[in-house]
Structures are given as C-alpha cells and as structure tokens.
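[1] Sequence and predicted structure are below.
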Amino acid sequence: MEITFWGVRGSYPVPGPATVRYGGQTSCVEVRAKSGAGVIIDAGTGLRALGQKLAREGHVAPRRYSILLSHVHWDHIQGLPFFEPAYVQDTVIDVYALLTAADELQQVIGGITRHEFFPIPLEAVPADFQFHEVDPGVAMTLGEFRVVPMALNHPFGAVGYRIEADGTSVAYVSDTAPFTEVLHKQHFLSGLELLTDEDRAALIQMKADLVAALRGCDTVIYDTHYVPDEYARFPHYGHSTPDHALELLAGNDVRRLILYHHAPSHDDDQMDQIAAEYRAKGAEVGIDVITACEGMVLTVGAVKGVAA
C-alpha cells in the first residue's frame, strides 16, 4: 500500500509562509493498493488538491470513490464541496461515518452546501453521494480493502480505521484524547468532569479495544495535536500528544508511528523540534517516528518519501 498525505493540520487550515515545509491544509489521507484501488480518509481542505489530481489522472466515468470520515467536525469535512469528482456525471461517492443513521449523515453533509453557505446544494451535484453508517469493531470490505472501524475518545464520537490490503496494514487514529482523564460523550466539555466508575470502566475498555485493533499494524497515523504543556491546559478538547501515542503503541508490534493532525499554531520551526524530539523518543521503544507533512508519500513497509 501507498499513503499520500494531502492535509495534516487540525482545527483550521493555516497555509502560508510559516507552514511551507509541513503544510497548512486540514485532514485528508489517500491510501492506495498496489492495484491502484484507493480509499480516502477524511475530507478536510486537503481533499481539494486530491480531487484535482484524480481529475488530472483522466479517469472516465463511471467512477466510484470511498471516503472514510473519522467524524464530522469542520476540519474533517470542509473539503467535500470542493472535491472535483463530485461534479462529474455518473460518479458515485460512498461516504462512511459514525452517526446514528445514514440519513443523518446526509443531513450533515447536505447542511454545508445549503444556499447560505455554498452556491450548489448537495441534491444538485452531478455525482451520486451514498451515505453509510459504520459500527466500531465490525469489519467492512471495500473492494480489495478490509476496513475495521475503531471507537475513539472525542467529543460527540469519532472512529479510527485499520485498513488492510496487499498483505499489510495501516491505521488512522484521529481524533482522540487519551484514555485517562476524560470520557467524551454527546456534549461539549468546558473542563474536566468527575469520572464515574462506569466512565473509568468505559475508558479502560475503549483503550483495550484500540490496542488490540492496532496490534501488529505496520504504520499508525495518530492524532498528536498537542505537546505536553498544551495538553495540560486543554485536556478536555479531545486530542493527544506524541507521548500518549508512543505509550499506547509501545510493545504492540507496531513498526512506525506518523505524527498527525498538527496544531495550527505550530509553525515549521516548532514542527522541526517536535519531529526531532519524538524521533529520538520513538527509537528508545523501537518505533520509527515520522512527522507527517503535506505531500508526503509513504509505502507501507518502506519509506518512499522523506519526512522532516
């Protein structure tokens, strides 16, 4: 498999002179099998450039694309109205996400193309959007890909995905908080809340399930939005640090960790420092740590592109 990073930021896009090396577009990753078949994970602003590339490849209709959404916060869906294949007749776009029903997902995606926000409503787009609900722990087959959704600890719910093809595997774990201080539910937290015994048991189980799902995965892309001092100020926002990721993955037969979902406040110089610090920390526990940058291409099993 081959992974291409089209957007690596969290929260909001920050393209500009301070983010030239790592990039400023929000979450979007493309996974391709050796056959050329692909799936897209998340639809942040990085999806726009990916859509342009797919159009340049000259694919003829009918075409079918699969987009796996971790959740529907703005930085993970705001590229959808600008996805060029959506404006090609006879194209089918399957969108998968964790929501109570597929029609609710359609309402969310349709909402961002309402006339107040966008000139073309979802129902007028030439492509056929089909919406699907995912169930954590229940594997799906998308062509030649086996996909296992994994429950994550994020406000209003989120899922990661383990994707298997070509005899190897990659996992996408974003967005998530660690599994210690807070259990995110269906409401916004203004600060830490007292955990009940049931909450603690739920966190222990969620962490155990995630560790089991990631065991033996070659490459894990992980939400490492914060450095430790930032996390200490905002533990209730639903994001992790590289230390949290390494703690979860150490001893779990994972070869490579990709730091991802970078805070928009982290400029290239700070990202260089984070990359160097955690490359060294990863080496101590036998994990190759690479910091994602926009445009980076990795082959699962060997580095094809070079990350800073």
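    Thanks, I have the structure now. Numbering: from 1, shown residues only.
[2] The residue positioned nearest the centre of the chain: what's it in contact with?
    Nearest residue to the geometric centre of the chain (C-alpha atoms, centre = their mean): S174, 4.6 Å. Neighbouring residues of S174 by C-beta atoms under 8 Å, 6 or more residues apart in numbering: G10, S27, D42, S70, L152, A158, G160, I221, Y222, D223, Y260, H261. Every residue, glycine included, has its C-beta placed from N, CA and C.
[3] contacting residues around the residue nearest to it when sequence neighbours are not counted?
    Distances taken as C-beta to C-beta, 6 or more residues apart in numbering place D223 nearest to S174, at 3.8 Å, with adjacent residues excluded. With contacts defined as C-beta under 8 Å, 6+ apart, the neighbours of D223 are G10, V173, S174, D175, T176, H239, S240, A245, Y260, H261.
[4] where exactly do the helices run in the stretch 201-308 of the chain?
    For the stretch 201-308 of the chain, the helices defined by DSSP state H, counting those that start in this stretch occupy 228-233, 242-249, 268-284.
[5] okay, the shortest one in PDB with CA atoms only?
    Just to be clear, that refers to helix 228-233. Provided in PDB are the C-alpha atoms of helix 228-233 (Å, rounded to 0.1, in the frame of the first residue of the first chain):
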ATOM      1  CA  PRO A 228       2.500  18.100  26.700                       C
ATOM      2  CA  ASP A 229       2.200  21.600  28.100                       C
ATOM      3  CA  GLU A 230      -0.600  22.400  25.700                       C
ATOM      4  CA  TYR A 231      -2.400  19.200  26.600                       C
ATOM      5  CA  ALA A 232      -2.200  20.100  30.300                       C
ATOM      6  CA  ARG A 233      -4.200  23.300  29.500                       C
END
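[6] now that helix, how far from the centre of its chain.
    With C-alpha atoms, centre = their mean, to the nearest Å as the basis, helix 228-233 stands 22 Å off its chain's centre.
[7] buried set for it?
    E230, Y231 (16 or more other C-beta atoms under 10 Å).
[8] ok, and what's touching it?
    Residues contacting helix 228-233 (C-beta under 8 Å, 6+ apart): H239, S240, T241, D243, H244, A263.
[9] Let's see that with 7 Å instead.
    When contacts are defined by C-beta atoms under 7 Å, 6 or more residues apart in numbering, helix 228-233 is touched by residues T241, D243, A263.
[10] quick one, what contacts the second one?
    Applying C-beta under 7 Å, 6+ apart to D243 gives the contacts P228.
[11] L50 should be in a helix, yeah?
    Yes - assessed with DSSP: H, G, I helix; E, B strand; the rest coil, L50 lies in a helix.
[12] Based on its surroundings, how many neighbours for it?
    Look at L50: counted by other C-beta atoms under 10 Å, it has 24 neighbours.
[13] so it makes contact with W6?
    Yes - here L50 reaches W6: they are 4.6 Å apart, a contact under C-beta atoms under 7 Å.
[14] list residues touching both of these two?
    In contact with both L50 and W6: C28, E30, using C-beta under 7 Å, 6+ apart.
[15] which two from the contacts of D223 end up farthest apart in space?
    Among those, the pair separated by the greatest distance (C-beta to C-beta) is G10 and A245, at 14.1 Å.
[16] neighbour count winner among those two?
    A245 (27 against 24).
[17] Can you pull out the low-pLDDT segments for the stretch 201-308 of the chain?
    302-308 (pLDDT under 70).
[18] Do you have the strands of it handy? List them.
    Using DSSP state E, counting those that start in this stretch, the strands of the stretch 201-308 of the chain run over residues 219-223, 256-260, 288-291, 297-299.
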